[in-house]
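*Asks:* Okay, sequence plus prediction incoming.
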Amino acid sequence: IVGTNLGVGDIETKERKSFFLGDKHLPSVIYRNNILYHSRGSLFNLKMENDMSLSPRQIPLEEVPETDHLKNISPRNDILYEPRSATSLSGVPQIHQVYDTPADFNGHAACGATSALIALQYYDILPSRDPAGWYVSEQYTYNNVTYDQWTNDPNGNRSYGGYGYIAQDTEWYGTPDRGDEHTSYWMREYFVNHDLESAVDWSTSWNTLTSEINNEYPFVLLFSNRLTGGHYITTVGYVEDQYTALFNDPYGDQNTPNWPSNDGKEVAYDWPGYNYGNENLDNVHLFVYARDTYSSSEEYSSGDWVKTTADPTLNLRAGPGTDYDILDGLSYQTLAVIIEHEDNGIYRTNNHWWKVRVEESNKEGWLAEYFLETADSPCRVSTPYQPDGTSSGNINQTLSFSTGGAECECGAGVEYRFDWDDGTYSGWSTSASAGTSWSSGGVYEIRVRARCLEDNSVESDWSAVKEVAIYTPPQADFEVDRMVVEPGSTVQFTDISSGDIDEYAWEFGDGGTSSSASPSHHFEETGSYTVSLQVHGPGGSDSMTRQDYMHVVESIPQYSAHVVSYDIPSVMKVNQTYELKVTLRNMGSETWEKDDNIYLGAVGDQDDLTGPGNYRAGLEKEVFPGDKHVFYVQLNPEEPGLFLTEWRMLKEGYSWFGETLSEEVQVDEKTAIDSSCWHLFK
């Protein structure tokens, strides 16, 4: 660098670029990937990016490292600058928590779920979706786990997927002893459910970071600094010979202005205690590992009894909440019960570790598997009776069941738990009765087990199952191929009822009846006829009556239309776009031709919910007599209030014809959304 000119060269292409710094800028030194220079008494930093762009920002003098770490400026007119080499993982996708997630989801608080998805997709575990962050908030099933757990996004909307699962039942802050109240616990579960080996590590270090990257494992890091009270990012590499790590930040690059931004791939942040001109992580709280070498022991499971095969004093680990006094008096053949596998803990080695509770002292700790052997339970609970109660019911109806007969050999009392066969259970209770309801029909096999009150790790076998049939009450409904016919015409009625149905009873208004599901009927005399359908099923009965539904006339009108259905929100927001969907049936004798000036139009050619020029919707295809056609109208209310929207068919040069759709809509002021960053920590 000479004078006020900065020369930069690419060591591969040998191209050189020159940047003019201005008369007031006096370059002084090169420090690693940065160039420092003075301007009117202030010290500035030019950061060298991989694409050789420059991003000047002013930095305080006290943040400049000692001068013995600086390199003198070359006296050459242009200097060939070689960037620092880095170790990074290729193929890690960048997914933005706001811009790459579904449009109806506010992703400002979804850094955890998005960072986890970035790590998952490095291994191509989930099929690609559009947008790339679809799995962050949408329901899906993988490995027999359905992610239908919901958590409100910052707008108060229920959101599912990784966001709903990882953010469930948490306070958004925590320390190692908070367990499953911390989002990292559920993120670890999320990785394990997707066939990855994972653990939460609060003992973070630079050596661990580089080791994971060298083993080609991305992982999620939680940090807080001057810009965020807590933020998850995905670790993808590091800069060699300095303490700078590379991340795919789902919220963008903190080194660029106006964070959040859309430039978060392989961003550089400095490790706490070091300064290379990048944003600093300041406080690194934890790592959540995501490795594709999952292996676990199936020898034991929660509730199994074990005993020690040697003096394990030197092999006991202290997990979160461990009573350290467990080390005292632990000896050969000590009886203990398995609490959980190591995968539910926060530590991991090449050995399998199990968390146990010692029988005599009731203290907890971690033991290596090769110091354990299977032991008999000191107490057993007999199997409860088969649940007793009704054998059938309807959806959303609360049904009660009872059991009994379980006894604890130790002489203590017992408590019961019912399995409702829909993925839910009753709570443990000393009451032998419990109730539930089901939201969908089917045959459910309910069962019950008991456990000892003195030692709730001792559980009975499951009881015999009781089958319960749950029905959906019927709701009668029907449609017809034509509503206006001439005498002697055959009309086809179609059943569109819902629910469990086994009997039908039709009355056509002219004395005719039928017990078929979808009968046909002849109308001989002119007039209007009321049609009714009654349906019966194991869940009850229902009926639908349509007054003056059928019209028998001497000659069918040339043009006529019937409103079959329509879909329009009853409440709208100002300046938001909505879609009115209207289904009409051609009830006339003439075909509606696409190019014959036939439209669905706003009555009077005006409507307060549409913009100018949007008062008509044309045909997409020809519509024959008796056929249905769906129209779509874009609505965009501009003022609040209560409005009446009315739509009817129109043939220019002929007249308005057919039934009128008429609906009142309330338009409210649009609620502003705070676009500020949502932080993990309170």
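*Replies:* Right, received. Where do you want to start?

*Asks:* Pull up the per-residue confidence for the closest residue to Gln121 other than its chain neighbours.
*Replies:* In this structure, Gln121 finds its nearest non-sequential neighbour in Pro93, 5.0 Å apart by C-beta to C-beta, 6 or more residues apart in numbering. Where you see a C-beta, it was placed from the backbone N, CA and C, and this is true even at glycine. pLDDT, Pro93: 95.

*Asks:* same check, this time on Lys651
*Replies:* 88.

*Asks:* With adjacent residues omitted, what lies nearest to it?
*Replies:* That would be Ile598: by C-beta to C-beta, 6+ apart, it lies 5.0 Å from Lys651.

*Asks:* Now the phi/psi pair for Gly618, please.
*Replies:* phi -90, psi 170 (degrees, to the nearest 10).

*Asks:* Equivalent analysis for Ala116, please.
*Replies:* The phi/psi pair for Ala116 (degrees, to the nearest 10) reads phi -60, psi -40.

*Asks:* try Ser184
*Replies:* According to degrees, to the nearest 10, Ser184 has phi -60, psi -30.

*Asks:* residues touching it, list them.
*Replies:* 174, 200, 222, 286, 288 (C-beta atoms under 8 Å, 6 or more residues apart in numbering).

*Asks:* now Thr430
*Replies:* 413-416, 453.

*Asks:* Now, of these, which are buried?
*Replies:* Those of these that meet the buried threshold are 414-416, 453, by 16 or more other C-beta atoms under 10 Å.

*Asks:* Which stretches in the chain count as helices?
*Replies:* In the chain, the segments counted as helices under DSSP state H are 111-122, 134-137, 161-166, 183-193, 206-214.

*Asks:* right, and the ones you listed - which one's nearest Arg357?
*Replies:* When the helices of the chain are compared for distance to Arg357 using C-beta to C-beta, the nearest one is helix 183-193, at 19.8 Å.

*Asks:* May I see the buried residues of that closest one?
*Replies:* Buried residues in helix 183-193, counting neighbours by 16+ other C-beta under 10 Å, are found at 183-192.

*Asks:* Stretch 194-214 too?
*Replies:* 194, 196-202, 204, 209-210, 212-213.

*Asks:* likewise stretch 414-423?
*Replies:* Across stretch 414-423, burial judged by 16+ other C-beta under 10 Å covers 414-421.

*Asks:* Tell me the one of those residues nearest Asp388?
*Replies:* Nearest member of the buried residues of stretch 414-423 to Asp388, counting by C-beta to C-beta, is Phe418, at 11.7 Å.

*Asks:* partner residues bridging that closest one?
*Replies:* As for beta bridges, Phe418 partners with Val448 under DSSP bridges.

*Asks:* Surely it and Val448 touch.
*Replies:* Yes. Counting by C-beta atoms under 8 Å, Val448 is a contact partner of Phe418 at 5.0 Å.

*Asks:* Common neighbours of the two, please.
*Replies:* Joint contacts of Phe418 and Val448 (C-beta under 8 Å, 6+ apart) are 387, 401, 403.

*Asks:* Tell me which entries of those residues lie within strands.
*Replies:* Among the shared contacts of Phe418 and Val448, the ones falling in strands (DSSP state E) are Phe401.

*Asks:* Looking at the shared contacts of Phe418 and Val448, which is nearest Phe493?
*Replies:* Looking across the shared contacts of Phe418 and Val448 and measuring by C-beta to C-beta, the closest to Phe493 is Phe401, at 42.1 Å.

*Asks:* From Pro519, how far off is that closest one?
*Replies:* Separation of Phe401 from Pro519 (C-beta to C-beta, to the nearest Å): 42 Å.

*Asks:* returning to that earlier point: among the buried ones among the contacts of Thr430, which two are most distant?
*Replies:* Maximum distance among the buried ones among the contacts of Thr430 (C-beta to C-beta): 11.1 Å, for Tyr416 and Leu453.

*Asks:* Reformat the buried residues of stretch 194-214 into JSON lines and put distance to Asp153 and pLDDT next to each item.
*Replies:* Compiled in JSON lines, those are given as follows (distance: C-beta to C-beta, whole Å; pLDDT from 0 to 100):
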{"residue": "His194", "distance to Asp153": "22", "pLDDT": "87"}
{"residue": "Leu196", "distance to Asp153": "25", "pLDDT": "87"}
{"residue": "Glu197", "distance to Asp153": "30", "pLDDT": "86"}
{"residue": "Ser198", "distance to Asp153": "25", "pLDDT": "88"}
{"residue": "Ala199", "distance to Asp153": "28", "pLDDT": "89"}
{"residue": "Val200", "distance to Asp153": "24", "pLDDT": "90"}
{"residue": "Asp201", "distance to Asp153": "28", "pLDDT": "91"}
{"residue": "Trp202", "distance to Asp153": "28", "pLDDT": "90"}
{"residue": "Thr204", "distance to Asp153": "29", "pLDDT": "92"}
{"residue": "Leu209", "distance to Asp153": "31", "pLDDT": "97"}
{"residue": "Thr210", "distance to Asp153": "35", "pLDDT": "96"}
{"residue": "Glu212", "distance to Asp153": "30", "pLDDT": "94"}
{"residue": "Ile213", "distance to Asp153": "32", "pLDDT": "95"}
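
*Asks:* In the residues you listed, find the pair that's most separated.
*Replies:* Longest span within these, C-beta to C-beta: His194 and Thr210, 24.9 Å.

*Asks:* what residues are up against the nearest residue in space to Met544 that is not next to it in sequence?
*Replies:* Distances taken as C-beta to C-beta, 6+ apart place Ala476 nearest to Met544, at 3.9 Å, with adjacent residues excluded. Listed by C-beta under 8 Å, 6+ apart, the contact partners of Ala476 are 497, 533-535, 542-544.

*Asks:* For Ala476, give me the backbone phi and psi.
*Replies:* phi -70, psi 140.

*Asks:* Just the pLDDT for it.
*Replies:* You'll see Ala476 listed with a pLDDT of 96.

*Asks:* ditto for Gln168
*Replies:* 82.

*Asks:* Next, find the distance separating the spatially closest residue to it that is not a sequence neighbour from Asn396.
*Replies:* Nearest residue to Gln168, sequence neighbours excluded (C-beta to C-beta, 6+ apart): Gln149, at 5.2 Å. Look at Gln149 and Asn396: by C-beta to C-beta, they are 21 Å apart.

*Asks:* same deal with Tyr232?
*Replies:* Remark: distance between Tyr232 and Asn396 (C-beta to C-beta) = 38 Å.
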